[in-house]
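In: Could you look at this predicted model? Sequence included:
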Amino acid sequence: MKITTAIKKFKKPLYLESGRILEPYELAYETYGELNADKSNVIVVCHALTGSHHAAGLYEGDRKPGWWDRVIGDGKAIDTRKYFVICVNVIGSCFGSTGPLSKIYPTDKEYRLTFPVITISDMVKAQISLFDSLGIHKAEAVIGGSMGGMQALCFAIEHPRFAKKHIILASTYATQPWAIAFNKVAREAIIRDPDFQNGEYDLEKLRQKGFSGLMIGRMSGHISYLSPDSMQKKFGRFYDERDGLYDLFGKFQVEKYLDYNSQNFVQWFDPLSYLYITKAINIFDATRNYHSLEDSFERIRGKIYLIAFKSDLLFLPSEMKHIEETMKKINKASQVRYFEVDSDYGHDAFLVEIPKFEEIIMNALKESN
């Protein structure tokens, strides 16, 4: 599988939903496989909150491959012997695309909290600019899970002629109060930590010292990505035997797991990016610029494939089901298919339990348009 990583610089301004402008801006992206002569074999993969453009393969020195390596590659569900796959790091992120720690042209001053609030629509609009610059004006499919699924739905509504198929996993048509509440805990933990310094922290010092605000925020988020069943199976009520049961600060295995996961997270993710991207997720609502969800979905021309997970507590299967029901309500039943995967893993099943849904993706890509 051929892998190419690049950063594209744009001098043309990006006009944001908020009325603000990014000029200039950059997008980091990665491609897999070979683009065919008429550029008709493109599949766009959209990443989730803490993901990046590195969706598959291994960088030199990496211990772990890209976040969807089990799905993308030669002979895999998204077969790079047939398709040219492209994954773009969203604006606002901290993996190479323009974000809060980027410099404000033409100065050496970083945006920090002056970075504009961005939306899912802004993320997708920036990607369309990238594809146009690469001479890519159509795709076989746009695929994404969680926030990536929001992007895929946004492509379907706001850029309806771009892709033939939109495969949406573990996502929603509008972020509901339950998910916003989890994000609220994470955001407050970051903002209220004195080390945040109103966004003027030194990132390297934070990584060396640790940043309890982001750690607590990650714990809150991570709980929402799992499920009671998956936690029971993984941890049960096992206690760290090195701690006394009546030691006030002794820990159960699930507590130690959350400690480890959150401490590691601080080493590779930026607090400001977390704030900006969770804001974009909270804002997301497919009806916001339209009279209703029905009005919004009337714009959809391609096919929609919805893959929900039974135990997902962040974006409930009923939210995905509502997309299907709305499509049917406006006489677009032939354009939508709904699948509910029997999983007890929770929201993160779209990253972990690949064998349970990879055939759905393969069959969707094989279906005639």
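Out: Yes, it's here.
In: C-alpha only now, for contacts and for neighbours.
Out: Fine.
In: hmm, who's touching the helix or strand harbouring residue 306?
Out: Counting by DSSP states H and E, the element that carries residue 306 is strand 303-309. Contact partners of strand 303-309, identified using CA atoms under 8 Å, 6 or more residues apart in numbering, comprise 164-171, 316-317, 320, 324, 334-343, 346-347, 349-350, 357, 364, 369.
In: and it, which strands flank it?
Out: Applying DSSP bridges to the sheet, strand 303-309 is found paired with strand 163-169 (parallel), strand 336-341 (parallel).
In: Dump the C-alpha coordinates for the longest one into PDB.
Out: Okay, so that is strand 163-169. Only the C-alpha atoms of strand 163-169 are listed here, as PDB (Å, rounded to 0.1, in the frame of the first residue of the first chain):
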ATOM      1  CA  ALA A 163     -19.900  11.700  -3.200                       C
ATOM      2  CA  LYS A 164     -22.100   8.800  -4.300                       C
ATOM      3  CA  LYS A 165     -22.200   7.200  -0.900                       C
ATOM      4  CA  HIS A 166     -21.900   8.300   2.700                       C
ATOM      5  CA  ILE A 167     -21.100   5.700   5.300                       C
ATOM      6  CA  ILE A 168     -21.800   7.000   8.800                       C
ATOM      7  CA  LEU A 169     -20.800   5.100  12.000                       C
END
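In: For it, give the mean pLDDT please.
Out: Across strand 163-169, pLDDT averages out at 98.
In: Can you list the neighbours in contact with it?
Out: Residues from elsewhere that reach strand 163-169, judged by CA under 8 Å, 6+ apart: 138-146, 148-150, 152-153, 155-156, 301-308, 350, 361, 365, 369.
In: just checking, next helix/strand downstream of that strand?
Out: On the C-terminal side of strand 163-169, the nearest following helix or strand under DSSP H and E is helix 177-192.
In: For residue 97, give me its contacts.
Out: Residue 97 makes contact with 7, 25, 26, 27, 28, 89, 90, 91, according to CA under 8 Å, 6+ apart.
In: Quick one, which of those are buried?
Out: Buried members of the contacts of residue 97, counted by 16 or more other CA atoms under 10 Å: 25, 26, 27, 28, 89, 90, 91.
In: Which members of those residues are the farthest-apart pair?
Out: Of all pairs drawn from the buried ones among the contacts of residue 97, the widest gap by CA to CA lies between 25 and 89 and measures 12.3 Å.
In: Just give me the residue right at the centre of the chain.
Out: The residue lying closest to the centre of the chain (CA atoms, centre = their mean) is residue 48, at 1.1 Å.
In: what residues are up against that residue?
Out: If you count contacts by CA under 8 Å, 6+ apart, then residue 48 has 144, 145, 146, 147, 148 around it.
In: For residue 171, see how far away the last one is.
Out: Summarising the geometry, the distance separating residue 148 from residue 171, computed by CA to CA, to the nearest Å, is 8 Å.
In: Neighbour count: those two, which is higher?
Out: Per other CA atoms under 10 Å, whichever of residue 148 and residue 171 has more neighbours is residue 171, with 29 against 25.
In: Could you tell me how many residues sit around the spatially closest residue to the more buried one that is not a sequence neighbour?
Out: Across the structure, with CA to CA, 6 or more residues apart in numbering as the measure, the residue nearest residue 171 apart from its sequence neighbours is residue 146 (4.5 Å). Residue 146 sits with 24 neighbouring residues when counted by other CA under 10 Å.
In: Roughly how far does residue 167 sit from residue 241?
Out: For residue 167, the distance to residue 241 under the criterion CA to CA works out to 45 Å.
In: If you count surrounding residues, which of those two has more?
Out: Neighbour comparison, residue 167 and residue 241: the larger count goes to residue 167, with 24 against 11 (by other CA under 10 Å).
In: Okay, and which of the contacts of strand 163-169 map to strands?
Out: Among the contacts of strand 163-169, the members found in strands (DSSP state E) are 139-145, 303-308.
In: With distance to residue 251 and neighbour count added, can I get those residues in CSV?
Out: Shown next, in CSV, are the ones in strands among the contacts of strand 163-169 (distance: CA to CA, whole Å; neighbours: other CA atoms under 10 Å):
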residue, distance to residue 251, neighbour count
139, 49, 21
140, 49, 21
141, 46, 23
142, 43, 28
143, 39, 25
144, 36, 24
145, 33, 27
303, 48, 21
304, 45, 28
305, 42, 22
306, 39, 24
307, 36, 25
308, 34, 30
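In: got the contact list for the residue nearest to residue 239 when sequence neighbours are not counted?
Out: The shortest distance from residue 239 to any residue other than its chain neighbours is 4.1 Å, reached at residue 252 (CA to CA, 6+ apart). By CA under 8 Å, 6+ apart, residue 252 lies in contact with 237, 238, 239, 240.
In: quick revisit: closest to residue 77 out of the ones in strands among the contacts of strand 163-169?
Out: Of these, the one sitting nearest to residue 77 (CA to CA) turns out to be residue 143, at 11.8 Å.
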